[in-house]
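Participant: what shape does this take:
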Amino acid sequence: MKLSENFSLKELTKSQTAVRKGINNEPGTAEIENLIHLAESVLQPVRDHFGKAVMISSGYRSPELCEAIGSSTKSQHAKGEAADFEIGGVDNKELATWISKNTTFDQLILEFYNEGDPNSGWVHCSAVKGEPRKQVLRASKVGGRTKYEQILLS
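Facilitator: The predicted model follows:
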């Protein structure tokens with residue numbers, strides 16, 4: 001099933017952990033509608049602008065898969081509203097900056113990015129059908145724990 005011109009349901013539900021552990025990672029109708037909204041409002045505009053394949057490392061996660069990887073079942077991934085991704089050859093900070101200025105996102109997180117290392121980390125982005133928060137954060141490890149801080153991208 002196509003979610004947008006360049007994105008399929010298969011790539012946004014693919015999970016090696018789900019396959020390995022025999023977890024059903026099939027979204028319901030509401031989650032599929034949210035994935036279509038995410039693809040149309042964030043992922044497809046990113047693909048169109050950069051002209052390169054967007055590599056999705058995590059999209060939809062069923063509640064059981066969320067538990068298996070230590071994530072919250074209340075995660076936007078479990079609602080089909082979020083994806084983690086990057087683009088080969090594009091600095092993740094540049095990618096996040098473009099998204100922040102050109103899409104209608106809900107939450108944008110530059111995850112585990114190291115300044116000066118364009119291939120470090122990845123981008124987490126969500127989209128909601130209601131009023132978006134337009135929240136921009138940076139995630140980093142501090143003392144073995146993940147710390148989130150608000151940032152401005154320019």
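
Participant: ok, for the most centrally placed residue in the chain, nearest residue in space, not its chain neighbours?
Facilitator: In the chain, the residue lying closest to the centroid (Cα atoms, centre = their mean) is A83, at 2.1 Å. Residue nearest to A83 in three dimensions, not counting chain neighbours: G59, with 4.5 Å by Cβ to Cβ, 6 or more residues apart in numbering. All C-beta spots, glycine's among them, are computed from the backbone N, C-alpha and C.

Participant: from P27, how far out is the one you found?
Facilitator: When distance is defined by Cβ to Cβ, to the nearest Å, G59 is 9 Å away from P27.

Participant: could you pull out the strands for the protein?
Facilitator: Using DSSP state E, the strands of the chain run over 55-58, 82-86, 107-111, 122-126, 135-142, 145-150.

Participant: in the sheet, who's paired with the residue nearest to the centre of the chain?
Facilitator: Bridge pairing for A83 (DSSP bridges) gives the partners C125.

Participant: on the pLDDT front, check it for me.
Facilitator: Listed pLDDT for A83 reads 98.

Participant: next: N119.
Facilitator: With respect to pLDDT, N119 scores 88.

Participant: next: L152.
Facilitator: pLDDT, L152: 87.

Participant: residue ranges with poor pLDDT in this structure?
Facilitator: Along the chain, the model assigns pLDDT under 70 to no residue.

Participant: can you do 90?
Facilitator: In the predicted model, the chain carries pLDDT under 90 at residues 118-119, 152-154.
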